[in-house]
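Engineer: Fold the following for me, if possible:
(chains A and B)
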Amino acid sequence: MQLYNSYTRQKETFEPITPGYVGLYVCGPTVNGESHLGHARPYITFDVVHRWLRHLGYRVRYVRNITDAGHFEENDRTDNDRIGEKAKLEKLEPMELVHKYTGIFHRLMAAFNNLEPSIEPTATGHITEQIAMIEKIIAEGYAYEVNGSVYFDVKKYAAHHPYGTLSGRILDDLLETTRELEGQDEKREKVDFALWKAAPPQHIQRWPSPWGEGFPGWHIECSAMSAKYLGDRFDIHGGGMDLLFPHHESEIAQSTIAHGCAPVKYWMHNNMITINGRKMGRSYGNIIKLTELFSGNHSLLEQPYHPMVVRFYILQTHYRSTLDFSNEALQGSERALKRLWEAYEALKGLTPGPSPKERGEMDEEIERRCAEMTEFMNDDFNTAKVIANLFELAPIINGLKGGQLPEGAVSGKTLTLLQETFRIFLEDILGLQAIHAGDDNEALSKVLAVLIDIRKEAKLRKDWATSDAIRDKLLGAGIQLKDGKDGTVTYTIEKA
RNA sequence: GGUCACCUGGCCGAGUGGUUAGGCUCAGCUCUGCAAAAGCUGCUACAGCGGUUCGAAUCCGCUGGUGACCUCCA
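Structural biologist: Residues are numbered from 1 along each chain as shown, chains lettered A, B, ... in the order given. Here you go, the predicted model:
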């Protein structure tokens, strides 16, 4: 399998550090607010990576953190609320926020049908590990303490180690161009980053440390927790491209000092979701929360979009390309997914033709397209090409079902391959699910059978008014009847 | 300002030297009582200008445009 390593900026053959096992770490959410559309991308992207690695037979330990330490705020409440000014219950309780947004996050992940990570460690649950790591870095001489805060000495690090390789930074440029920010006078250099921050008196989240009460810096949690659960050196670290600098660059530096080796063998970064060509982000004011996307409740949205439509829309594009949001694009994905899924359902109902014919051209095409899907996934997780091939196969399935292709056009063996391949790629790898309601309601299917029967009788009488009324009114209720060529009628039910 | 990307048909998007990507939309046809669904067919693009090459969307250069990072950020 080939994957693109952001560190070397080229595709490389994947060889796990420990044969048969893969350590995968992905930067998780900061649970101080609701996830938006942009956040959906890494979690879906790396869910597919996780699924594919498992499919290849690797035993994967997938670690995705929950960042629940740092700066928190909600509406007018912040973690800087002065202790004396408000009653306890009026003040922000960080764990209350963390609980709320972690719950929302988990529900969103489930809606996307993302498999759960193996471990979901929280930053607050690993304060001691982070402190221990900082102590090690100080002992090695690459960090210094100022007024209860600890900073990493980037200049010294860069003198002895390659720095900036991942993000393409040159230290001298950074020293010149890094902006002047408040409260940075403690640092020796502007490029230094905090390992530990002393907590001002009004800061609620605080832990004791060798340097006084405070809280961990932004980057250290990922390094401490990935090392704890995956080892000092592990296989794949994923996240959004916007984390390249300074987050991942800092992770490399601090881990290299603390553990004596570069922490990650393969770095993977997904590209951004844009809206009108611009990255979705708080500062641009163009955020669409996922809950809004699913409900349609947002001024930019023309309609609600099902989580599976969003998942499909994301997977139709290669993960390293930007992906532009628009209603038109989402609606296109919705129609496309419906068509593909209905072909899949039709495929499940197909049985081999009467005379198992000899292998024909169609058998060869199907075999080739099925085999290609594995190649596409092995080539840096090219889900876009996998989906294209599924669409290439859909007309064959529909043709067999609809009678445009003769019954024996495909051999039984090939049909089985096709069924198996669709199931594996659509469900197991892409992680897609039906977006219309299942046909599992016995009472409803009986009712529909009655209506279909009445309509059939009406058609025999050429009572078009009645037959069309049944068809149109059901459609209005979200139930679409589909007349087969041989008189059979199938239907799909919109999920409420 | 520094660094790095990107610019594909009405829209979304694959694609790194020679092949129809694919999806959505649209038009025509088949099927149908009419539709829908499905099938078939059509719409053949690579920002511009140079260069390399037998041959470039694909490599190189220049120009223009857009974006990302440099600050919390998926």
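Engineer: Which positions in the helix or strand containing residue A:172 come out as buried?
Structural biologist: When elements are defined using DSSP states H and E, residue A:172 is found to belong to helix A:171-177. Taking 16 or more other C-beta atoms under 10 Å as the basis for neighbour counts, the residues of helix A:171-177 that come out buried are A:171, A:174. Placement of C-beta: from N, CA and C, glycine included.
Engineer: And the next helix or strand past it?
Structural biologist: strand A:193-198.
Engineer: Just the CA trace of that next one, in CSV.
Structural biologist: Output in CSV follows, covering the C-alpha atoms of strand A:193-198 (Å, rounded to 0.1, in the frame of the first residue of the first chain):
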residue,chain,number,x,y,z
PHE,A,193,6.1,27.4,22.5
ALA,A,194,4.5,26.7,25.9
LEU,A,195,4.8,23.3,27.4
TRP,A,196,3.1,24.5,30.6
LYS,A,197,1.3,27.7,31.4
ALA,A,198,1.0,29.2,34.9
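Engineer: Spell out which parts of the stretch 1-150 of chain A neighbour RNA strand B.
Structural biologist: By the rule C-beta under 7 Å from any atom of the strand, the part of the stretch 1-150 of chain A lying against RNA strand B is A:9, A:27, A:29, A:30, A:38, A:39, A:41, A:42.
Engineer: what's the longest helix seen in chain A in contact with?
Structural biologist: As far as residue count goes, and with DSSP state H defining each element, the longest helix of chain A is helix A:327-349. Contacting residues not belonging to helix A:327-349 are listed as A:300-303, A:305-306, A:308-310, A:312-313, A:316, A:387, A:390-391, A:393-394, A:397-398, A:401, A:418-419, A:422, A:426, A:432, A:434-436, A:492 [C-beta atoms under 8 Å, 6 or more residues apart in numbering].
Engineer: which of these come close to RNA strand B?
Structural biologist: A:316, A:387, A:391, A:394, A:398, A:401.
Engineer: which residues sit against stretch A:489-496?
Structural biologist: Here stretch A:489-496 makes contact (C-beta under 8 Å, 6+ apart) with A:306, A:338, A:342, A:435-437, A:439, A:444, A:448, A:452, A:455-456, A:474, A:478-484.
Engineer: Report how many residues lie close to the residue of the stretch 101-250 of chain A found nearest RNA strand B.
Structural biologist: In the stretch 101-250 of chain A, no residue comes nearer to RNA strand B than residue A:240, which is 1.6 Å away by C-beta to the nearest atom of the strand. Neighbour count for residue A:240, taken as other C-beta atoms under 10 Å: 21.
Engineer: coming back round to it: of the ones next to RNA strand B among the contacts of helix A:327-349 - the most surrounded one?
Structural biologist: residue A:387 (23 neighbours).
Engineer: isn't the residue of the stretch 101-250 of chain A closest to RNA strand B right up against residue A:41?
Structural biologist: Yes. At 7.2 Å, residue A:240 and residue A:41 qualify as touching, with contact defined as C-beta atoms under 8 Å.
Engineer: before we move on, back to that, just the ones next to RNA strand B among the contacts of helix A:327-349 now: which is nearest residue A:353?
Structural biologist: Taking C-beta to C-beta as the measure, residue A:401 is the one of these closest to residue A:353, at 12.2 Å.
Engineer: For that closest one, which non-adjacent residue is closest in space?
Structural biologist: Setting aside the residues directly before and after it, residue A:401 is nearest to residue A:346 in space (C-beta to C-beta, 6 or more residues apart in numbering), at 4.4 Å.
Engineer: One more: residue A:132?
Structural biologist: Across the structure, with C-beta to C-beta, 6+ apart as the measure, the residue nearest residue A:132 apart from its sequence neighbours is residue A:224 (7.7 Å).
Engineer: That'll do, ta.
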